[in-house]
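In: With the sequence up front, the predicted model follows.
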Amino acid sequence: MARKGFIFDLDGVIVDTAKYHYFAWKKLAEGIGISFTEADNEHLKGVSRIRSLELILEWGNKEISSEEFNALLTAKNDDYLSFVNKMTKDEVLPDVPRVLDYLSDMKQPMALGSASKNARTILDRVNLLNRFDCVVDGTNVSKAKPDPEVFLIAAEGLHLPPESCIVFEDSLAGIEAANIANMISIGIGDANILKEAQFVFSDFTKISNEFLHQLISRI
Ligand code: B16
Ligand code: MG
């Protein structure tokens, strides 16, 4: 059986932590007089914590000192973690466990490739930390998606060339990163948004074991 590297994004692919980011960013933004909607939150998916705050300040036309900037980042993350710390394995998105089990049975290497600095904490909360051969997160990368760095480090960690890797991503920037890395990009979400992905599925319930088998077998 061929070996392929299966790389999973975290937020929006394995769990839906976007809602917790939304609650925490909304509290922060409104606390400094900037309105913040769910539509605004969409633009922060896959974007690093620092860049997210820069964007919120740009949208609100607000300038703050670097001390205040850092204090706000800490407060946001504390809020976010208060939600994360209550997560259970029931929050793993539908059919993710079935896909991980199938790929394990097929002896396929698996990695996590996320922008989040909290990725290990979240995986631990939902009992999935030991399912990945390699975890690359916001603590390992210096360049944000669409830069392919996160996925290239994951491929290296799996000891596979990028062309043998397959990426599951919910963000446009992540799909771009996978394409630039020369990996197969699989969008999880809306096909009208994730236009650049090679394949798009609304969620993992639509991804059959037969399809996974074809990915493993293709040259
Ligand atoms: P943290 P992903 C991303 O996760 C989120 O989509 C994005 O909203 C968040 O700002 C980013 O992680 C950083 O997260 O504040 O926990 O370091 O989709 O790359 O798994
Ligand atoms: Mg994501």
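Out: Thanks, I have the structure now. Just so we're clear, the structure is a prediction, and the values are computed from it rather than from any experiment. Ligands and ions are numbered 1, 2, ... in the order given.

In: alpha carbons only for contacts and neighbour counts from here, please
Out: OK.

In: For residue 217, grab the count of nearby residues.
Out: For residue 217, the tally of surrounding residues (other Cα atoms under 10 Å) stands at 12.

In: Do I have it right that it meets residue 2?
Out: Yes: here residue 217 reaches residue 2: they are 6.1 Å apart, a contact under Cα atoms under 8 Å.

In: can you tell if stretch 178-195 touches ligand 1?
Out: No: with Cα under 6 Å from any ligand atom as the measure, stretch 178-195 is seen stopping short of ligand 1, the closest distance being 11.3 Å.

In: hmm, who's touching the worst-scoring helix or strand of the chain on mean pLDDT?
Out: Lowest mean confidence among the helices and strands of the chain (mean pLDDT, DSSP states H and E): helix 38-42, at a mean of 92. For helix 38-42, contacts defined as Cα atoms under 8 Å, 6 or more residues apart in numbering pick out 18, 22.

In: who's sitting farthest from the centroid in this protein?
Out: When distances to the mean C-alpha position of the chain are computed (Cα atoms, centre = their mean), the maximum falls on residue 65, with 29.6 Å.

In: contacting residues for residue 198?
Out: 184, 185, 186, 187.

In: go again using 6 Å as the cut-off
Out: Shown here is residue 198, whose contacts under the criterion Cα atoms under 6 Å, 6 or more residues apart in numbering are 185, 186.

In: and the residue of the chain nearest ligand 2?
Out: residue 11 (4.1 Å; Cα to the ion).

In: Who does that residue form a beta bridge with?
Out: residue 15 (DSSP bridges).

In: Which pLDDT value belongs to it?
Out: pLDDT, residue 11: 96.

In: cool, residue 1 as well?
Out: For residue 1, the model assigns a pLDDT of 76.

In: any idea how far it lies from residue 9?
Out: Counting by Cα to Cα, to the nearest Å, the separation of residue 1 from residue 9 is 25 Å.
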